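Chemist: Okay, sequence plus prediction incoming.
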There are 2 protein chains.
Amino acid sequence: MTTTKTKGATALPLNTILSGDCIEVMNSLPEASVDLIFADPPYNLQLKGQLHRPDNSQVDAVDDHWDQFSSFGVYDQFTRAWLKAAHRLLKPNGAIWVIGSYHNIFRVGSALQDAGYWILNDVVWRKSNPMPNFRGKRFTNAHETMIWASKSEGGKYTFNYEALKALNEGIQMRSDWVLPICTGHERLKDENGDKAHPTQKPESLLHRVLIGSTNPGDVILDPFFGTGTTGAVAKMLGREFIGIEREESYRKVAEKRISKVRKFDREALEVSASKRAEPRVPFGQLVERGMLRPGEELYSMNQRHKAKVRADGTLVGDNVKGSIHQVGAHLENAPSCNGWTYWCFKRDGKTVPIDILRQQIRAEMHN
Amino acid sequence: MTTTKTKGATALPLNTILSGDCIEVMNSLPEASVDLIFADPPYNLQLKGQLHRPDNSQVDAVDDHWDQFSSFGVYDQFTRAWLKAAHRLLKPNGAIWVIGSYHNIFRVGSALQDAGYWILNDVVWRKSNPMPNFRGKRFTNAHETMIWASKSEGGKYTFNYEALKALNEGIQMRSDWVLPICTGHERLKDENGDKAHPTQKPESLLHRVLIGSTNPGDVILDPFFGTGTTGAVAKMLGREFIGIEREESYRKVAEKRISKVRKFDREALEVSASKRAEPRVPFGQLVERGMLRPGEELYSMNQRHKAKVRADGTLVGDNVKGSIHQVGAHLENAPSCNGWTYWCFKRDGKTVPIDILRQQIRAEMHN
DNA sequence: GTTCACGCTGAATCCGCCC
DNA sequence: GGGGCGGATTCAGCGTGAA
């Protein structure tokens, strides 16, 4: 364990996982001593019954005792308390990241603003592989929200603009990040082979956060350390960390994990960058965007068939409804059909393939 | 202007733009009369000074008087007031959408929860063409957040799952939507050629909202109507709207805009329907109608189990009697089972799913 | 070694009608 | 209004094991 002396007499316990309630522990540390705080607090999910997948398997829900709050009021009180303790710990030019979902993030954001933090961005983590909505009752919950805020208005926070631009193939980093959830070898297991923590975050997420908003040698505090993703990535990237975690089982897993981490070689950084296929464009987007009107007629390439566009991006032809591909296949009596190259529309008397419109959308997406 | 009578004496001013303060106007309308509210309230941007692009051109900022609030407290008070008035207007199974940015969305989300609304999703509008961050001091602000909430927990909100899935080429719609901002011909200009409204929303966004969470004929209220995107898309899609807007200049632009909109054909507005909407066919009817004989054997889809049909439309298998669903669930040791897709019968040596017979009956019912 | 089929799982506020 | 029960509902990625 490394320690450093600060202005006061108290030493800062660097690269250590402290046990106990995060508010008490934070209050025991010296003020204005931390460069960045990354916090992944309980989400207060308020789950009710059980959920099964369509194949009848059961979803392993997050129903741990630490995520139980009896009301929004109680959750707010908890949130305001830890945010206040965190505020005291931050250096004047320090900053904080907090991650959450719609269950809690609005409470957290309001509390941040009320506590004097100054929001810099909200950043959306778009999951490339989220869990679907199994009952078809809502949108797939495909993202989580992170709030990035400085200690106060006018704080000179760290922002490594060029490094982030480089990470993003030369284009300014946006407020929406597409990253996969934590699975496979990265997902830590307990001795029974079950997941060690129900909500382990991917290292790629922390990588981007730390590259973007800290410098080597900075001190990063994580008051809800869990299995220590923040500590592991901080160590890789040559930053110092302080973790706080109440549950002994998580602390043990984190200790072991971080002990195995080696500080990064430069080259390993580049790996995750590329791998980009042409983005999929749903036909429905042509309708939503007014490129084709509901009710408009499409003509088959061979001019033998026509069909009408509906508001939801399906087609209706003679005795058949469905996607551009399904209707094309049916009309041609073929096992399958690429609707993009099969259908045309008319503009100014000319017949134009609908694929032209898809190419327009893709061109915009590359910008 | 169309009006309808509701339970009370007050008429509902459909397809009209009402002038005045939205809270007062909402309080003058009959309670429980609206199916959906779409609200794009002031964002409370708190901009300071002028912003210039790298080429020294000046950014036309949103600095209108209606976006000025002296503190979070004042903004909260305003937010709670209009959300309360909106809550009263909603039918029990109604829902609301509110759009905002990190400046205000956390205040709005907390206020929604405190007012008894029940959040269903937060949806991220990911802009394909956002304005860059010219100073390189933060992430490109590339998204806005929408909150979708029902009037209360347990409300039977409208969700056109199948239509949204169709819009997305057969894959469940996610909580992140990629759509371009409103530019080009769609962007309304005033007589000087300047943009008529600083924050006009794209019609594609409203298209998806209205297709997904309303049905034709539903009443949609927009208390911050601006230049009337909600009204224009509602009219196209065969929905009724009520707009409220304080500024006369915006009302005039909106009136003119909506008068030019034409409703799509009825056929184009019909949308992919859910199987849940299909009439229920009791399994017993297959036996009554002689499509299956009492005593005949059914086989499970996986060929591992069989059961015998009884005259009352129940099945009897190894040690188990009951409905097609109950017997299937028991044999598979599953919490539930859809008997219609689980069981097959034999005809001319071929194995045929019993759902084929249900489809025959439904086809007859449609005639 | 390679490919393919299949199984498993992930921060989830996840049903609705009829009696 | 509460209980019973019919029956509708999933995407991407990783790991395993057979071919």
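Modeler: Nice, I can see it. Residues are numbered from 1 along each chain as shown, chains lettered A, B, ... in the order given.

Chemist: ok, which stretches of the stretch 151-300 of chain A are helices?
Modeler: Taking DSSP state H, counting those that start in this stretch as the test, the helices found in the stretch 151-300 of chain A are A:161-167, A:203-213, A:229-236, A:248-259, A:284-288.

Chemist: Can you lay out the ones you listed as TSV showing distance to A:Asp176, mean pLDDT and mean neighbour count?
Modeler: Backbone N, C-alpha and C define where each C-beta goes, glycine included. Putting the helices of the stretch 151-300 of chain A into TSV (distance: least, Cβ to Cβ, whole Å; pLDDT from 0 to 100; neighbours: other Cβ atoms under 10 Å in any protein chain shown) gives the following:
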stretch	distance to A:Asp176	mean pLDDT	mean neighbour count
helix A:161-167	13	88	15
helix A:203-213	12	95	21
helix A:229-236	20	96	26
helix A:248-259	29	98	17
helix A:284-288	17	92	25
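
Chemist: Endpoint to endpoint, stretch A:29-41 covers what distance?
Modeler: Start-to-end span of stretch A:29-41 (Cα to Cα, to the nearest Å) is 19 Å.

Chemist: So is it next to chain B?
Modeler: No. If you take Cβ under 8 Å from any Cβ of the partner chain as the test, stretch A:29-41 misses chain B, and the best it gets is 14.6 Å.

Chemist: Can you point out the buried residues in that stretch?
Modeler: Buried residues in stretch A:29-41, counted by 16 or more other Cβ atoms under 10 Å in any protein chain shown: A:29-31, A:33-41.

Chemist: that older thread, which of the helices of the stretch 151-300 of chain A sits closest to chain B?
Modeler: helix A:284-288 (3.2 Å; Cβ to the nearest Cβ).

Chemist: Contact partners for A:Gly217?
Modeler: A:238-240 (Cβ atoms under 8 Å, 6 or more residues apart in numbering or on different chains).

Chemist: go with 7 Å
Modeler: By Cβ atoms under 7 Å, 6 or more residues apart in numbering or on different chains, A:Gly217 lies in contact with A:239-240.

Chemist: Of the buried residues of stretch A:29-41, which is the nearest to DNA strand D?
Modeler: Using Cβ to the nearest atom of the strand, A:Asp40 is the member of the buried residues of stretch A:29-41 that lies nearest DNA strand D, at 21.6 Å.

Chemist: I figured the closest one hits A:Ile99, correct?
Modeler: Yes. With contact defined as Cβ atoms under 7 Å, A:Asp40 counts as touching A:Ile99 (5.1 Å).

Chemist: Now secondary structure, distance to DNA strand C and pLDDT too, for the buried residues of stretch A:29-41, in JSON lines please.
Modeler: Shown next, in JSON lines, are the buried residues of stretch A:29-41 (DSSP: H, G, I helix; E, B strand; the rest coil; distance: Cβ to the nearest atom of the strand, whole Å; pLDDT from 0 to 100):
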{"residue": "A:Leu29", "secondary structure": "coil", "distance to DNA strand C": "23", "pLDDT": "98"}
{"residue": "A:Pro30", "secondary structure": "coil", "distance to DNA strand C": "28", "pLDDT": "98"}
{"residue": "A:Glu31", "secondary structure": "coil", "distance to DNA strand C": "27", "pLDDT": "97"}
{"residue": "A:Ser33", "secondary structure": "coil", "distance to DNA strand C": "25", "pLDDT": "98"}
{"residue": "A:Val34", "secondary structure": "strand", "distance to DNA strand C": "21", "pLDDT": "98"}
{"residue": "A:Asp35", "secondary structure": "strand", "distance to DNA strand C": "23", "pLDDT": "98"}
{"residue": "A:Leu36", "secondary structure": "strand", "distance to DNA strand C": "19", "pLDDT": "98"}
{"residue": "A:Ile37", "secondary structure": "strand", "distance to DNA strand C": "15", "pLDDT": "98"}
{"residue": "A:Phe38", "secondary structure": "strand", "distance to DNA strand C": "12", "pLDDT": "98"}
{"residue": "A:Ala39", "secondary structure": "strand", "distance to DNA strand C": "10", "pLDDT": "98"}
{"residue": "A:Asp40", "secondary structure": "coil", "distance to DNA strand C": "5", "pLDDT": "98"}
{"residue": "A:Pro41", "secondary structure": "coil", "distance to DNA strand C": "6", "pLDDT": "98"}
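
Chemist: so which strand or helix has the residue nearest the centre of chain A?
Modeler: Taking Cα atoms, centre = their mean, the centroid of chain A lies closest to A:Trp125, which sits 2.1 Å from it. If you go by DSSP states H and E, A:Trp125 is part of strand A:118-127.

Chemist: Compute the inter-axis angle for that strand and helix A:203-213.
Modeler: 150 degrees (axes from the mean of the first three to the mean of the last three Cα atoms, to 10 degrees).

Chemist: So what are the sheet partners of strand A:118-127 and their directions?
Modeler: Applying DSSP bridges to the sheet, strand A:118-127 is found paired with strand A:143-150 (antiparallel), strand A:176-179 (parallel).

Chemist: Which of the residues in the shortest one are classified as buried?
Modeler: Looking back up the chat, that one is strand A:176-179. A:176-177, A:179.

Chemist: And for stretch A:309-322?
Modeler: A:309-317, A:321-322.

Chemist: export the residues you listed to TSV and tack on pLDDT?
Modeler: Putting the buried residues of stretch A:309-322 into TSV (pLDDT from 0 to 100) gives the following:
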residue	pLDDT
A:Val309	95
A:Arg310	95
A:Ala311	93
A:Asp312	94
A:Gly313	94
A:Thr314	94
A:Leu315	95
A:Val316	94
A:Gly317	92
A:Lys321	92
A:Gly322	92
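
Chemist: What sits closest to A:Lys91 if chain neighbours are left out?
Modeler: Leaving aside its sequence neighbours, A:Lys91 sits nearest to A:Ala32 (Cβ to Cβ, 6 or more residues apart in numbering or on different chains; 5.0 Å).

Chemist: Since that was my last question, I'll sign off now.
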